[in-house]
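Asker: need coordinates for the following:
(chains A, B, C and D, ligands or ions: 4)
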There are 2 protein chains.
Amino acid sequence: MSVESRQSSAPARVDEVLARVREAGGRATTSRRILLERLFAEGSHKTAEELAHEVQRIAPDVHLSTIYRNLEELERLGVVTHAHLGHGPATYHLATETHGHLSCESCGATLEAPLGLFDGLAEAARAAFGFEIDPRHFAVLGHCAACRAREAGAEAD
Amino acid sequence: MSVESRQSSAPARVDEVLARVREAGGRATTSRRILLERLFAEGSHKTAEELAHEVQRIAPDVHLSTIYRNLEELERLGVVTHAHLGHGPATYHLATETHGHLSCESCGATLEAPLGLFDGLAEAARAAFGFEIDPRHFAVLGHCAACRAREAGAEAD
DNA sequence: GGGGTAATGGGAACTGTTCGCAACAACGTG
DNA sequence: CACGTTGTTGCGAACAGTTCCCATTACCCC
Ligand SMILES: [Mn+2]
Ligand SMILES: [Mn+2]
Ligand SMILES: [Zn+2]
Ligand SMILES: [Zn+2]
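Answerer: Ligands and ions are numbered 1, 2, ... in the order given. Predicted coordinates for the structure are as follows:
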């Protein structure tokens, strides 16, 4: 491995996205670049405010509204999507990671669910109503295994 | 039919609920009564603001915050629930009408889905993650039959 | 009818997000 | 490597939906 070898594919992909931004008539801004680096970094389901804080550790003057505007733009380009996991702020992640969400109403934990999990519901909704579900944008709420165990334990006290 | 016969069971039920409110140490307020009458009236999935307008046609001074407080209280008593059908305000309906929601991201139309529709997903989530879904609080989004037809038509132009 | 207190009107506060605008900075051109 | 165009930014105000606070009201039990 050479000194120039990349630790991950993220930096290369950031440049790819910025190239695409320019193709679309946009500009490769520093705030844009840093935001993209954070989006390609590990950990997903980050809120705009969390992303703002991460970006501000590198460029303190980047304003929250700039984060929102850039997320909006990146979403138009198909690079980013957001999901609503319950009450509270939306969370953003790369559009390449495509999955549904199961979100616990008790503890807020979120599970990424492969889209296949929703096949049964998809078929039922299509058959009954001609309705085509999209389980990616809004989470399905409920109660996670841990919380169910805890609640069952407290009940049988 | 006597002159005193009720047009529907709603008024009787309003009084039943108000009795329950009093049992719980609450009071049978006029704003409370009118709100309940509106909730028992036809049409569901009303937002707090819509309910406020309906109530204000009878009692103009009832404040929106009073509506919210009463809905909150009635929810604690198990009379009312709310659901989130997409972006925008929550919608409230009687807790007796228990169903899930399918909400169209294109036109905003909402379908009331019998809970059985979610059995496939419920089983899959339980099997894969030990997660127990509750499809009543948040709608499952997607695209309704009408919008799908329209979009397919425009595409095949 | 009077007293205790739940509930109200009114408005401010709050969260999450969008908007308007003047100053700035990216980048194609010369 | 100026320079002008124009996309982008920082900033604050505005916005939507909801909750909170507080002095005043009105329910309801005696
Ligand atoms: Mn959304
Ligand atoms: Mn809710
Ligand atoms: Zn949980
Ligand atoms: Zn539709």
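
Asker: show me what from chain A comes close to chain B.
Answerer: Neighbours of chain B within chain A, by Cβ under 8 Å from any Cβ of the partner chain: A:86, A:102, A:104-105, A:111, A:113, A:117-121, A:123-125, A:128-135, A:137-145, A:148. C-betas here are computed from N, CA, C, even on glycine.

Asker: residues in chain A within reach of ligand 3, list them.
Answerer: A:104, A:106-107, A:109, A:144, A:147 (Cβ under 5 Å from the ion).

Asker: which of these lies closest to ligand 4?
Answerer: Closest to ligand 4 out of the residues of chain A next to ligand 3 is A:C104 (29.6 Å), distances taken as Cβ to the ion.

Asker: what about the residue lying closest to A:H143 once chain neighbours are set aside, distance to B:L35?
Answerer: In this structure, A:H143 finds its nearest non-sequential neighbour in B:E132, 4.9 Å apart by Cβ to Cβ, 6 or more residues apart in numbering or on different chains. Relative to B:L35, B:E132 is positioned 32 Å away (Cβ to Cβ, to the nearest Å).

Asker: those two: which is more packed in?
Answerer: Regarding B:E132 and B:L35, a neighbour count based on other Cβ atoms under 10 Å in any protein chain shown identifies B:L35 as having more, with 27 against 16.

Asker: pretty sure that one sits against B:I67.
Answerer: Yes. Using Cβ atoms under 8 Å, B:L35 is in contact with B:I67, at 6.4 Å.

Asker: residue boundaries of the helices in chain A?
Answerer: In chain A, the helices defined using DSSP state H lie at A:10-23, A:30-40, A:48-56, A:64-76, A:119-129, A:145-155.

Asker: in chain A, where is pLDDT below threshold?
Answerer: A:1-11, A:154-157 (pLDDT under 70).

Asker: pick out the residue nearest the middle of it.
Answerer: Centroid-nearest residue in chain A, with Cα atoms, centre = their mean: A:H93, separated by 2.5 Å.

Asker: grab the nearest non-local neighbour of that one.
Answerer: Nearest to A:H93 is A:S44, by Cβ to Cβ, 6+ apart, at 4.1 Å.

Asker: OK, contacts around the one you found?
Answerer: By Cβ atoms under 8 Å, 6 or more residues apart in numbering or on different chains, A:S44 lies in contact with A:91, A:93-94, A:97.

Asker: what's the answer for A:R33, then?
Answerer: A:R33 neighbours (Cβ under 8 Å, 6+ apart): A:14, A:18.

Asker: since that was my last question, I'll sign off now.
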